[in-house]
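Q: I'd like to go over a predicted model; first the sequence, then the structure.
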Amino acid sequence: MGKVSASVVVPGRISGAEALWYDVGRWPAFVDGFASVVGRDEPWPATGGTLIWDSTPHGRGRIIERVTAYAPRDGQSVAFEDEKVEGTQQVAFAAEGENTRVTLSMEYRLKERNPITPVIDLFFVRRAVGDALRRTLGRFARERQGDLELS
């Protein structure tokens, strides 16, 4: 199973960062490869909720996320699946002075496996997934900064 994570410090309190993260209407601005929400079953973002979304044309296709854990001001864990990959993703929020550290981590498994899958994962997939997490968090930080500048 592949594991990747990334984190960023964003300005402001956890409550503001968390509100932005769970606002799926704003995901096109920061979630790498996000195109549109297909469906959402309550109590999303809380435990038991489901979010189904489509990626951009050259992305992952349709992604189904089922919330497995949620704690306000702490974070969320989801079990996810798309056509080629399944696993878990966590977002965690932690106070860092007057700011908030946001950590995004993913454990994934490629569905189609063969003898060279571990090599492909190590040299290609893991790097691409890590890059996507970092792009998402970089855009998220810019969005959060913009929110504070508008207040």
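A: Done, it's in. Residues are numbered from 1 along each chain as shown.

Q: alpha carbons only for contacts and neighbour counts from here, please
A: Fine.

Q: In the protein, what helix or strand scores lowest on average pLDDT?
A: Here the helix or strand of the chain ranked lowest by mean pLDDT, DSSP states H and E is helix 117-120, holding a mean of 80.

Q: what's the average pLDDT for the very next helix or strand once past that helix?
A: For helix 117-120, the following helix or strand on the C-terminal side (DSSP states H and E) is helix 126-150. Across helix 126-150, pLDDT averages out at 95.

Q: State the distance from residue 36 to residue 68.
A: Residue 36 is 22 Å from residue 68, where distance means Cα to Cα, to the nearest Å.

Q: what does residue 27 give?
A: As defined by Cα to Cα, residue 27 lies at a distance of 20 Å from residue 68.

Q: repeat for residue 48
A: 6 Å.

Q: the more surrounded of these two?
A: Using other Cα atoms under 10 Å, the more surrounded residue of residue 48 and residue 68 is residue 68, with 19 against 15.

Q: so the more buried one sits in a helix?
A: No. Counting by DSSP: H, G, I helix; E, B strand; the rest coil, residue 68 is not part of a helix but strand.

Q: Helices of the chain, start to end?
A: 14-21, 27-30, 117-120, 126-150 (DSSP state H).

Q: Which among those is found nearest to residue 72?
A: Distance to residue 72, taken as Cα to Cα, is lowest for helix 14-21 among the helices of the chain, at 8.3 Å.

Q: The closest one: which residues count as buried?
A: 14, 16-18, 20-21 (16 or more other Cα atoms under 10 Å).
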